[in-house]
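Trainee: Below is the sequence, then the predicted model.
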Amino acid sequence: MSELCRERLATQLAEAVAEALQHDLNHQERALLVVSGGSTPVPFFRALAARELPWERVEVTLADERWVAMEHADSNARLVGHHLLQGPAAAATFVSLTTHDPTPEQGVAEVARRLASLAWPASAVVLGMGGDGHTASLFPDSPELPLALTTAEPAVAIRAPGQLPRLTLSGDRLHRARRHFLHITGGDKRDTLVRALAGDDPRELPIRAFLSCPLAIYWAP
Ligand SMILES: O=C(O)[C@H](O)[C@@H](O)[C@H](O)[C@H](O)COP(=O)(O)O
């Protein structure tokens, strides 16, 4: 039952994001979509990839990225390439968040320059969430979290225990969107969301940084 429900959720989210992109493309030359990595988005990516849109006018980037080569199994760019940039959506322009620098700290300035050229405000930011309340790579136990939540810079190199080195869009940059979606499934994440809604400190549960603006929550069991 939950598998069918999650597929329907992914399809409905793809419909909403496609409508958002088409609406904005009716008024502007290019539109920007910011997506998250992880396992949850895969059926959403596949459903969105099949939608008929002027994809050649769509820019796609990530909310965050692990600092690995695009061929690496943990690369979000690889995930997006395999599941979203296929079919009609293969015509979209993908902008990666990694460089050939050995660390995200060395590459973040180049990534910031790339991001500056995109069609902000994004038409849509699609966020995921971990059981610890992280979103993008805004991890509660990251020393760089306070900076990432407050800086006006578009991107931050971020480290967290047990995680690969990462680069994340800052809270400020993730807020520069006309629409925000949260895509989560399962009881554990529902419980984390309930905890997040009951408080207001994003340093404890970073998803809270996005509970104040309009946020379309797409959840299935
Ligand atoms: O790079 C990442 O890992 C994602 O951007 C991250 O923020 C993800 O959305 C959550 O970790 C949920 O991941 P799952 O969908 O795999 O539970």
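Mentor: Structure received.

Trainee: how far is the top helix by length along the chain from where the chain is centred?
Mentor: Counting residues, the longest helix in the chain under DSSP state H turns out to be helix 2-25. Centroid separation between helix 2-25 and its chain, computed with Cα atoms, centre = their mean, to the nearest Å, is 15 Å.

Trainee: what does stretch 153-160 give?
Mentor: For stretch 153-160, the distance to the chain centre is 14 Å (Cα atoms, centre = their mean).

Trainee: gap between the two ends of it?
Mentor: For stretch 153-160, the first-to-last residue distance is 19 Å (Cα to Cα, to the nearest Å).

Trainee: right, is that stretch up against the ligand?
Mentor: No: using Cβ under 6 Å from any ligand atom, stretch 153-160 stays clear of the ligand, with a minimum separation of 10.7 Å. Where C-beta positions appear, they are placed from N, C-alpha and C, glycine not excepted.

Trainee: quick revisit: pull the CA coordinates from the longest helix of the chain and hand them back as PDB.
Mentor: Extracted in PDB, the C-alpha atoms of helix 2-25 (Å, rounded to 0.1, in the frame of the first residue of the first chain):
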ATOM      1  CA  SER A   2       2.700   2.500   1.000                       C
ATOM      2  CA  GLU A   3       4.600   1.900  -2.300                       C
ATOM      3  CA  LEU A   4       1.500   2.900  -4.400                       C
ATOM      4  CA  CYS A   5       0.900   5.800  -2.100                       C
ATOM      5  CA  ARG A   6       4.500   7.000  -2.500                       C
ATOM      6  CA  GLU A   7       4.200   6.700  -6.300                       C
ATOM      7  CA  ARG A   8       1.000   8.800  -6.300                       C
ATOM      8  CA  LEU A   9       2.700  11.400  -4.100                       C
ATOM      9  CA  ALA A  10       5.700  11.600  -6.500                       C
ATOM     10  CA  THR A  11       3.300  12.000  -9.400                       C
ATOM     11  CA  GLN A  12       1.400  14.800  -7.700                       C
ATOM     12  CA  LEU A  13       4.600  16.600  -6.700                       C
ATOM     13  CA  ALA A  14       5.800  16.300 -10.300                       C
ATOM     14  CA  GLU A  15       2.500  17.800 -11.600                       C
ATOM     15  CA  ALA A  16       2.800  20.700  -9.100                       C
ATOM     16  CA  VAL A  17       6.400  21.400 -10.000                       C
ATOM     17  CA  ALA A  18       5.800  21.100 -13.800                       C
ATOM     18  CA  GLU A  19       2.900  23.600 -13.400                       C
ATOM     19  CA  ALA A  20       5.100  26.000 -11.500                       C
ATOM     20  CA  LEU A  21       7.800  25.900 -14.200                       C
ATOM     21  CA  GLN A  22       5.300  26.300 -17.000                       C
ATOM     22  CA  HIS A  23       3.600  29.200 -15.300                       C
ATOM     23  CA  ASP A  24       6.900  31.000 -14.800                       C
ATOM     24  CA  LEU A  25       8.100  30.200 -18.300                       C
END
